[in-house]
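J.: how would this look folded up:
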Amino acid sequence: RRSSYNFTTASPPPAPPANVIVLAKSQDLIQPLRFRDFIGSGLPLTVAVVIVGALLSHLMGRLVFDSDAPFPAWACTASGASCEFVAIPGVVQGRDVQAQACIVDLGASVDGTLCQLWNGTMVSTLQFVRGR
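T.: Next up, the predicted model:
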């Protein structure tokens, strides 16, 4: 069985099924739970989950997926990609690269013969063969 955490428990109080059951069953108690009882305990938890979730997403994106890296070559070879991966050395996002993505600029040339490098340089795509 796969276990994972989702943000359902951080939803507004009566939304998750477990909270609805607890709220309904508490009506049999001497002092039933009120909506504000859920908010009092749920609001700090919700704020903490949102902050920790955002920080972990940012950190894990960098560690696991190397999200700060230059645009990967495989993304340009994907079907329908609007870029060419060209063998032009340069600096992309502070890293020295031997090849880089070149975004096809249909605004500058309707036939897609021009593309734009990270630094803004326009390059002709006619000198590059796709898949090389």
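
J.: Could you check stretch 22-37 and say which residues are buried?
T.: 23, 33 (16 or more other Cβ atoms under 10 Å). C-betas here are computed from N, CA, C, even on glycine.

J.: Alpha carbons only: can I get that stretch in CSV?
T.: Presented in CSV, the C-alpha positions along stretch 22-37 are these (Å, rounded to 0.1, in the frame of the first residue of the first chain):
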residue,chain,number,x,y,z
VAL,A,22,-15.8,13.8,14.3
LEU,A,23,-18.1,16.8,14.1
ALA,A,24,-21.2,14.7,13.6
LYS,A,25,-20.3,12.3,16.5
SER,A,26,-19.5,15.1,18.8
GLN,A,27,-23.2,16.1,18.8
ASP,A,28,-23.8,13.2,21.3
LEU,A,29,-21.3,14.7,23.8
ILE,A,30,-22.2,17.0,26.7
GLN,A,31,-20.4,19.8,25.0
PRO,A,32,-20.4,19.3,21.2
LEU,A,33,-17.5,20.6,19.1
ARG,A,34,-18.1,23.8,17.3
PHE,A,35,-16.9,25.0,13.9
ARG,A,36,-14.5,27.5,15.7
ASP,A,37,-12.9,24.6,17.6
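
J.: Give me the mean pLDDT for it.
T.: The predicted model assigns stretch 22-37 a mean pLDDT of 83.

J.: Could you do stretch 95-106 as well?
T.: What stretch 95-106 shows for mean pLDDT is 83.

J.: same thing with stretch 125-132?
T.: 61.

J.: Give the helix, strand or coil label for residue 81.
T.: With DSSP: H, G, I helix; E, B strand; the rest coil as the basis, residue 81 sits in coil.

J.: helix or strand for the nearest residue to it once chain neighbours are set aside, which one?
T.: Closest residue in space to residue 81, ignoring its immediate chain neighbours: residue 75 at 6.4 Å, by Cβ to Cβ, 6 or more residues apart in numbering. Using DSSP states H and E, residue 75 sits within helix 73-77.

J.: next one: residue 22
T.: Per DSSP H and E: helix 17-25 holds residue 22.
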